[in-house]
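In: Coordinates for the following, if possible.
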Amino acid sequence: MKPRILLASKINVQYYIDAVNNLGGVADAKYLPEIDLSYDGLLLCGGSDSHPKYYGQEINGAVDIDEARDEAEVKLCKAFVEAGKPIMGICRGFQLINVVFGGDMIQHLPNADRHTSGTETDLVHGAVAKEGSLLYRLYGKEFSVNSHHHQALDKVADGFDVTVMSDDGVIEAIEHKSLPIFGVQWHPERMCFNAKREDTVDGSKVIEEFVKMCRKG
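Out: The predicted model follows:
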């Protein structure tokens, strides 16, 4: 049976749906989703910045905050963690996982112009994976990814390994040491199928890995 995966998202939903469905899952995208543990996994998608109150800071660079979304997705993430179900985070979702587990954020990167164009167009930069990690297994040591973010992880939450860094020192992926939880700063859903790029790796590989985790669960 195909795993049912809840997509917590607001914009560019179709990219996520197409990727999950093409890779053997059944995607259900919702904005402000209620807690529903009948799903086999949770995909926390991209979007606006989370409120810094969740990591003990005042607003100092965070923009376009959607507090209703923050509240819903923090609760949702905690519920799926408690249930032991797989979670993947992409961009905002990646950052949210770190915050939920006790990490914090750089609210605006000093080199943000290397990581976001400020438009709908993604930038591209190099990345280096930690040997033995999931991303190393999928893509090797060095590869290129797209980029569309002005924030980044600062303190990484306990229980996680940093598994990919950008070529200019920004944290690009984390994996939990014991739970089926991981996240990436880039947008793999915009690097596969109809959105596949020649200047990055194939984003379908990492999303397919998540679908497999949900099937096992």
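In: quick one: residue 40 from residue 9, how far?
Out: Taking Cβ to Cβ, to the nearest Å as the measure, residue 40 falls 17 Å from residue 9. In short, each C-beta sits where N, CA and C put it, glycine included.
In: Helix, strand or coil: sort out residue 138 for me.
Out: Classification of residue 138 using DSSP: H, G, I helix; E, B strand; the rest coil returns helix.
In: Next one: it, what pLDDT does it get?
Out: Residue 138 carries a pLDDT value of 98.
In: Relative to residue 65, how far out is residue 78?
Out: For residue 78, the distance to residue 65 - Cβ to Cβ - is 19 Å.
In: What residues are bridge-paired with the residue sitting nearest the centre point of the chain?
Out: Among the residues of the chain, the one closest to the centroid is residue 90, at 1.7 Å (Cα atoms, centre = their mean). Beta bridges link residue 90 to residue 184, judged by DSSP bridges.
In: residue contacts, it?
Out: 16, 43, 44, 45, 46, 183, 184, 186, 187, 188, 189 (Cβ atoms under 8 Å, 6 or more residues apart in numbering).
In: and of those, the nearest to residue 31?
Out: residue 45 (9.9 Å; Cβ to Cβ).
In: Would you mind measuring from the closest one to residue 159?
Out: Residue 45 is 22 Å from residue 159, by Cβ to Cβ.
In: Equivalent analysis for residue 33, please.
Out: Counting by Cβ to Cβ, the gap from residue 33 to residue 159 is 25 Å.
In: now swap in residue 56 and tell me
Out: 18 Å.
In: who's more crowded, these two?
Out: residue 159 (15 against 9; other Cβ atoms under 10 Å).
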